[in-house]
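A.B. asks: Starting from these lines, generate the structure:
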Amino acid sequence: MGMKRQAAAMIMGLALLASPMAFAKKPPVGDQAPDFTLNSDGPFNLRLSEQKGYIVAVVFWASWCRSCPVQLQALEQLQKKYQDYGVKIWAVTLDKKRSDAEHYRQHKGLDLTILFDDQFSVSERYDIDDLPSSFIVDRDGIIRHLQDGFEPTDVDTFDTLLQSLVSE
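C.D. replies: Have a look, this model is predicted:
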């Protein structure tokens, strides 16, 4: 590698380290959820801060993630159970190509709102370490639950939490 390229690589590395995203940490439970807007699979972009009055569960996933289908199916069932109570489930895909997520949705018959974080801006802001990962925001936009990874037994935890939030 030539001197100019080494210098350029070093400057890029330093710029990345100076970036606020390089020091991202998970927003704490009990804090206002950091706002974001993402393209959705519908006709409109969706913005988290515009969901006041709703309970929003956000799951980060990708079509290549082996453990994501179990959580996505569980959340789909919970959405059906609680949709009349103001619960929304957003499935934020980290697939680089939108077509990969759309193919997955068709192949699996997934009936969730899909949002596209192909630039990883939201997943970095929420410091996502593992897929699937999720968080739940209450009707006031406060983070009530954060979780990296997912085990089948976590379905009960999500159900209990949503049931509690719905009755608040």
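
A.B. asks: Which residues are in contact with the residue nearest to residue 49 when sequence neighbours are not counted?
C.D. replies: Using C-beta to C-beta, 6 or more residues apart in numbering and skipping residues adjacent in sequence, the residue nearest residue 49 is residue 35, 4.3 Å away. The C-beta positions use only the backbone N, C-alpha and C, and glycine is treated the same way. In this structure, residue 35 makes contact with 47-49, judged by C-beta atoms under 8 Å, 6 or more residues apart in numbering.

A.B. asks: Now list the buried members of the residues you listed.
C.D. replies: Neighbour counting by 16 or more other C-beta atoms under 10 Å classes residue 48 among the contacts of residue 35 as buried.

A.B. asks: Can you name the element that comes right after the helix or strand bottoming out on mean pLDDT in the chain?
C.D. replies: In the chain, no helix or strand scores lower on mean pLDDT, DSSP states H and E than helix 3-18, which sits at a mean of 41. Heading C-terminal from helix 3-18, the first helix or strand you meet, by DSSP states H and E, is strand 37-40.

A.B. asks: who does that next one touch, helix- and strand-wise?
C.D. replies: In this structure, strand 37-40 packs against strand 46-47, strand 113-116, with contacts taken as 3 or more C-beta pairs under 8 Å, 6 or more residues apart in numbering; DSSP states H and E.

A.B. asks: tell me the average confidence for it?
C.D. replies: Averaging pLDDT along strand 37-40 yields 96.

A.B. asks: Could you list the low-pLDDT ranges of the chain?
C.D. replies: Applying pLDDT under 70 to the chain picks out residues 1-24.

A.B. asks: Okay, strands next: where are they in this structure?
C.D. replies: 37-40, 46-47, 55-61, 87-93, 113-116, 133-137, 143-148 (DSSP state E).

A.B. asks: would TSV of these with distance to residue 162 be doable?
C.D. replies: Below are the strands of the chain laid out as TSV (distance: least, C-beta to C-beta, whole Å):
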stretch	distance to residue 162
strand 37-40	21
strand 46-47	19
strand 55-61	7
strand 87-93	6
strand 113-116	16
strand 133-137	7
strand 143-148	9
